[in-house]
Each structure stands twice: as C-alpha cells, then as structure tokens.
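Novice: below: sequence and its predicted model.
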Amino acid sequence: MATSFLLTGSYSSEKEPGIKLWEFEDNTGKLTEQLGVAGIERPSFLAVHPNGTSFVAASEVGNGELVSYWIHPIAKKIVEINRQSSNGDHPAHVTIDETGQWLLSVTYSGATVNVYPLHANGSIGTLAASVKHGGSGPDADRQDAAHPHSVIQVPGKNLFLVSDLGTDTIFTYKLDADTGALALRYSIQTEAGAGPRHLSFHPTKPFVYSLNEINSTLMVYRISQSGQLEFLQLLPLIPDSYKGGNTSAEIAVSSDGRFVYASNRGHDSIASFAVQHNGTLEVVGLTDSGGEGPRHFAIIPGNEWLVVANENSHTLTVLKVHHSGAPCTVENIVQTTAPVCVKVIH
C-alpha cells in the first residue's frame with residue numbers, strides 16, 4: 001500500500017508534542033500518528049530539507065527561535081540538532097532553498113527577512129544576512145507596521161518573494177548563493193488593505209497565485225525571468241452573501257498545474273479554482289474544510305487528497321478530491337492540538 005509521511009506544526013506549548021510525524025495511506029486516506037516531539041513553544045511553521053533527512057521549525061513567540069531536527073520517518077525518529085535566534089519577534093515562516101544550503105525566515109512582529117547557512121549535518125549556522133521592512137497600511141488594527149508573513153523561492157532561481165501583510169507589498173529579493181546576502185530587485189503593491197500572506201507557483205508556467213489574508217482575495221500574476229510580477233486577475237475567496245468574519249490563510253497549486261486551492265478561516269472552507277491556458281482562474285467551488293480555522297493544508301502527491309490543519313477545532317481533516325478538482329468529501333478527521341502547518345516529506 002502506497003504511503004506518504006507528513007509533518008505537522010502547531011500552536012501548542014513546549015510541554016506538549018507540538019511537532020508530529022504522521023503516516024498517510026494513499027489508498028484510503030487514513031492518517032496515523034507515528035511520533036510527537038515536545039520541547040518547542042508554538043512550532044507554527046516547518047520547512048523540510050530537499051533531501052528529506054532534516055527539517056526546521058519556527059518557534060513563533062516573542063524573541064523566537066529556529067530549531068533544526070534530523071528525521072527518519074520509517075524508523076519513527078526525530079532528533080533535535082540545534083537552535084538559533086530568529087532575529088526578531090514571532091518568526092512566521094521558514095524556507096530552505098533548493099540547494100539545501102540556505103535557510104530563509106521572516107519575523108512577523110520583528111519585520112525582518114533573515115538568511116542563515118545550513119550545514120551538511122542539518123544544523124543552522126549563525127545569521128548571514130538580514131533585511132528589515134518598514135512602513136504600514138490602511139488597516140489600523142492589522143497594518144500598524146510592516147509584517148512580512150512568508151518567504152518563498154521562485155522555482156529554479158536564486159529569487160525569493162516576500163509577502164508583507166502590513167504594507168500590502170510583495171518584494172522580490174535575489175539571494176547571493178555565496179554569502180547569503182539579499183538584494184531587493186522589485187516590489188509590487190497589492191490592493192490597499194488586502195494583506196498579502198502566502199503565494200504559490202504554477203509548476204510549469206510563469207504564473208504566481210497570491211492570497212490576501214485581510215480582504216479574502218486571490219491575485220494572479222505573471223512572473224518574468226528576473227522575478228518581476230505583472231498583475232493579471234483578482235478573485236474573491238468568499239461569497240458576497242457571507243457576512244461573517246474571515247481571514248484567508250493558505251494557497252497551493254496542484255502538482256499537475258490544473259487547480260489552485262485556498263483556505264478561509266471564519267467561512268471555514270477550501271476554495272477551488274481551475275487554471276486556464278493563460279494562467280487566469282475560473283471558480284470551481286467552495287467546500288467545507290471539515291473543521292474550524294483552516295490555517296494551512298497540504299496536497300498529497302498524486303493530487304487526490306488534501307490534508308487540512310483546522311487550528312480552532314484541533315483537527316486534521318482528510319478531504320478527497322473529486323475529478324472536477326474540488327475536494328468533496330471528508331474521509332477522515334484526527335484530533336490534535338491546534339495544528340497550523342502540514343508538510344509532506346518527499
């Protein structure tokens with residue numbers, strides 16, 4: 001029986017097993033906990049090394065930490081390697097570059113974008129470079145200051161896009177592969193008050209799908225060879241008829257490039273879109289997330305399953321994807337404390 005291994009992060013205390021290893025059965029959608037690791041406060045976001053033997057977790061607290069771990073899924077082992085300061089409060093996102101030699105992170109409250117070397121044994125080196133964002137946005141509650149929320153590599157290039165929720169800006173940085181230094185190449189403004197959070201790339205075409213948290217919208221961009229974004233389309237992620245509160249959270253493109261998915265917290269749904277030839281999207285529909293507060297999700301290889309981290313209902317839900325592209329049925333629900341990140345170990 002084909003299986004996949006997943007890692008989850010959470011908003012749990014350091015006394016609880018906040019990082020968990022799961023086995024996922026591809027045929028049935030069954031999700032089984034294999035191991036839990038305590039000793040890290042609020043391990044909210046994870047990045048798996050390209051070789052699959054280690055990963056890094058962000059401890060999303062004031063004066064936070066980045067923690068590296070060695071992992072052997074089949075042997076059900078996770079061992080801490082080392083820790084480094086996050087160089088700012090509330091590290092919200094971490095990315096390991098495609099070479100496996102650099103770790104990039106952003107601090108939501110510290111407004112920093114940081115680069116660390118990753119050593120061959122998986123340990124995190126001392127801070128190599130840092131950029132601090134400034135500015136604010138029109139939403140006084142959420143955009144009082146710059147709040148970089150994610151740093152994501154442009155596939156196949158030493159370019160990284162940073163979505164700054166506080167300033168309604170997506171920045172393109174070039175990474176110096178020798179020193180780790182970051183050079184700003186471009187920046188583009190979203191709609192005022194949109195709050196860009198996360199984005200995802202089409203696997204074969206030059207399109208970027210960016211999710212705006214505050215106004216619950218999705219923006220489609222074309223990306224140039226040098227990393228410059230060109231706006232193509234704006235789409236709502238929740239229906240006009242919905243009058244409750246909502247903050248959109250995660251976005252991902254299926255590995256075959258046919259569908260885009262986005263999660264809504266409040267409306268508690270997964271929005272599905274079909275990718276057109278020109279990169280723009282057509283709405284497929286909205287599906288219940290199977291829980292409350294779907295902060296993150298992962299598409300299982302093969303594109304037949306979504307595993308959703310529903311933070312507020314303390315559940316992971318397994319959604320079966322219909323041939324139309326929409327996740328249509330909840331196949332499995334597993335209880336686990338405040339899950340907020342799901343990563344597949346490739």
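Specialist: That came through, no problem. Numbering: from 1, shown residues only.
Novice: which ones are touching the closest residue to Phe24 other than its chain neighbours?
Specialist: Distances taken as C-beta to C-beta, 6 or more residues apart in numbering put Ser4 closest to Phe24, at 4.5 Å, once the chain neighbours are dropped. In short, each C-beta sits where N, CA and C put it, glycine included. Taking C-beta atoms under 8 Å, 6 or more residues apart in numbering as the criterion, Ser4 is in contact with Glu23, Phe24, Asp26, Ile300, Pro301, Val344, Ile345.
Novice: pull up the pairing partners for the host helix or strand of Ser4, direction included.
Specialist: Assessed by DSSP states H and E, Ser4 sits inside strand 3-10. Paired neighbours of strand 3-10 in the sheet (DSSP bridges): strand 19-25 (antiparallel), strand 339-345 (antiparallel).
Novice: show me the contact partners of the last one.
Specialist: Under the criterion C-beta under 8 Å, 6+ apart, residues 4-11, 44-48, 52, 55, 71, 73, 295-298, 300-301, 307-311, 314-316 lie in contact with strand 339-345.
Novice: those in helices, which ones?
Specialist: When DSSP state H is applied, the contacts of strand 339-345 are split such that none fall in helices.
Novice: list only buried entries from these.
Specialist: In those, burial by neighbour count holds for 4-11, 44-48, 55, 71, 73, 295-298, 300, 307-311, 314-316, counting by 16 or more other C-beta atoms under 10 Å.
Novice: now do the strands in the stretch 201-346 of the chain.
Specialist: Along the stretch 201-346 of the chain, counting by DSSP state E, counting those that start in this stretch, strands occupy 207-212, 217-223, 229-236, 247-253, 259-265, 269-275, 281-288, 294-299, 305-310, 315-321, 327-335, 339-345.
Novice: average pLDDT for the fourth one?
Specialist: Read that as strand 247-253. Mean pLDDT, computed over strand 247-253, is 98.
Novice: list the neighbouring strands of it plus their orientation.
Specialist: Paired neighbours of strand 247-253 in the sheet (DSSP bridges): strand 259-265 (antiparallel).
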